[in-house]
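Enquirer: got a predicted structure here, sequence first:
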Amino acid sequence: MRSNEGSSLAEFGPALGILLLSVFFPLLDMIMLGFSYCQCMTLNSLQLQKAAELPTAAAQAPNGPVLQALPDAWQHTGLGAFVKLTEPPTTAVAYQDARGSDRYVIVSTTFSVSPFLNIPIIPGIPALSAPATFTISGKRVVEDPTS
């Protein structure tokens, strides 16, 4: 007769490996993607706030504070330094006239974030084995619509 002792221990190793590969590491990637998205929203909010304060020419300047200075500072300091970008974020600033004397500024920022851990089981899945690209857009009333 064969003994049944130790049979569950023999199944634990392969089960743990399957659990780690199919649940834990993808979940860790999704958590880091959520963290990265929140930090990208923070950058877009800062850019939107700055663009609402500045004149149109300064907000749309390629080397100005909205398009270059804020993204550079965000990438190298604080929590933005932990976001794994594949390329620097690109920003577009547009204006929209509203009824009356109001004017809106629209800031759209596009990010391409690489996964925290590259899981090559199935290639080409954004945020697991390929970079995820998303665009965050915000709209705010311009403080001085005459500028």
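Expert: Thanks, I have it.
Enquirer: where's the most centrally placed residue in the chain relative to Pro62, distance?
Expert: The chain has Tyr37 as the residue nearest its centroid, 3.4 Å off, counting by C-alpha atoms, centre = their mean. Separation of Tyr37 from Pro62 (C-beta to C-beta, to the nearest Å) stands at 26 Å. All C-beta atoms are positioned from the backbone trio N, CA, C, and that covers glycine.
Enquirer: ok, Pro120 next?
Expert: Distance check for Pro120 against Pro62: by C-beta to C-beta, it reads 38 Å.
Enquirer: so which elements touch the longest helix seen in the chain?
Expert: The single longest helix within the chain, with elements called by DSSP state H, is helix 25-53. On a contact count with 3 or more C-beta pairs under 8 Å, 6 or more residues apart in numbering; DSSP states H and E, helix 25-53 meets helix 70-76, strand 103-113, strand 132-141.
Enquirer: now these as a markdown table including distance to Phe82, mean neighbour count and mean pLDDT?
Expert: Converted to a markdown table, those look like this (distance: least, C-beta to C-beta, whole Å; neighbours: other C-beta atoms under 10 Å; pLDDT from 0 to 100):
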| stretch | distance to Phe82 | mean neighbour count | mean pLDDT |
| --- | --- | --- | --- |
| helix 70-76 | 10 | 17 | 95 |
| strand 103-113 | 11 | 20 | 96 |
| strand 132-141 | 16 | 15 | 96 |
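Enquirer: returning to that earlier point: contacts only, for the residue nearest to the centre of the chain.
Expert: Counting by C-beta atoms under 8 Å, 6 or more residues apart in numbering, Tyr37 touches Val113, Phe134.
Enquirer: Ser115 should be in a strand, yeah?
Expert: Let me fix one detail, which is that residue 115 is Pro and not Ser. No - Pro115 sits outside any strand when classified using DSSP: H, G, I helix; E, B strand; the rest coil, being coil.
Enquirer: what's the neighbour count on it?
Expert: By other C-beta atoms under 10 Å, 23 other residues sit near Pro115.
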